[in-house]
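Structure for the following, please:
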Amino acid sequence: MSQYKSKLESKEMDWLCKAILNLKNKEEVYRFFEDICTISEIKALEQRFQVARMLKKKKTYSEIANITGASTATISRVNRCLNYGSDGYNIILERLNKELEKNIKE
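A predicted model of the protein is given here:
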């Protein structure tokens, strides 16, 4: 398997990634993102992630649009990323689902 090379990669982006990886808990994540992003940017990220979760659960575009308020263009873009993207959504959704399953079993 070859090592992934992002189109976004730069020294500055590496610095941002290191900053995010150094956040210790949910409160720190909230604090950091509230400072670095506008409320609209955060809400857009939140919406895309919710769309990805719903697409993985096989919800229809109309169901997703009704629940999230996302446009069909946004839903389509997220779907394209899930199927043909860099696997970012898939990696984290799989990890979160495993964590959820583990917590249910305990």
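
residues near Thr68, how many?
19 (other CB atoms under 10 Å). Using the backbone N, CA and C atoms, a C-beta is placed for each residue, glycine as well.

whoops, Arg53 was the one
Arg53, neighbours per other CB under 10 Å, totals 17.

May I have the residues that are in contact with Val78?
Contacts for Val78 (CB atoms under 8 Å, 6 or more residues apart in numbering) come out as Arg48, Val51, Ala52, Leu55, Ala70, Tyr89.

Which ones among the residues you listed map onto strands?
Taking DSSP state E as the definition of strands, these contribute nothing to them.

Mind giving me the ChimeraX select for the residues you listed, buried ones only?
For the buried members of those, the matching ChimeraX selection, counting by 16 or more other CB atoms under 10 Å, is:
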select :48,51,52,55,70,89
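
Of the contacts of Val78, just say which sits nearest to Arg77.
Sorting the contacts of Val78 by distance to Arg77 puts Arg48 at the head of the list, at 8.0 Å, by CB to CB.

on that earlier part again, now tabulate the contacts of Val78 in JSON lines and tack on pLDDT and distance to Tyr61.
Below are these laid out as JSON lines (pLDDT from 0 to 100; distance: CB to CB, whole Å):
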{"residue": "Arg48", "pLDDT": "98", "distance to Tyr61": "14"}
{"residue": "Val51", "pLDDT": "98", "distance to Tyr61": "9"}
{"residue": "Ala52", "pLDDT": "98", "distance to Tyr61": "13"}
{"residue": "Leu55", "pLDDT": "98", "distance to Tyr61": "9"}
{"residue": "Ala70", "pLDDT": "98", "distance to Tyr61": "9"}
{"residue": "Tyr89", "pLDDT": "97", "distance to Tyr61": "16"}
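
The contacts of Val78: which two are farthest apart?
Within those, Ala70 and Tyr89 form the most distant pair, 14.2 Å apart (CB to CB).

helices and strands around the helix or strand containing Glu27, which ones?
Assigned by DSSP states H and E, Glu27 belongs to helix 26-36. On a contact count with 3 or more CB pairs under 8 Å, 6 or more residues apart in numbering; DSSP states H and E, helix 26-36 meets no helix or strand.
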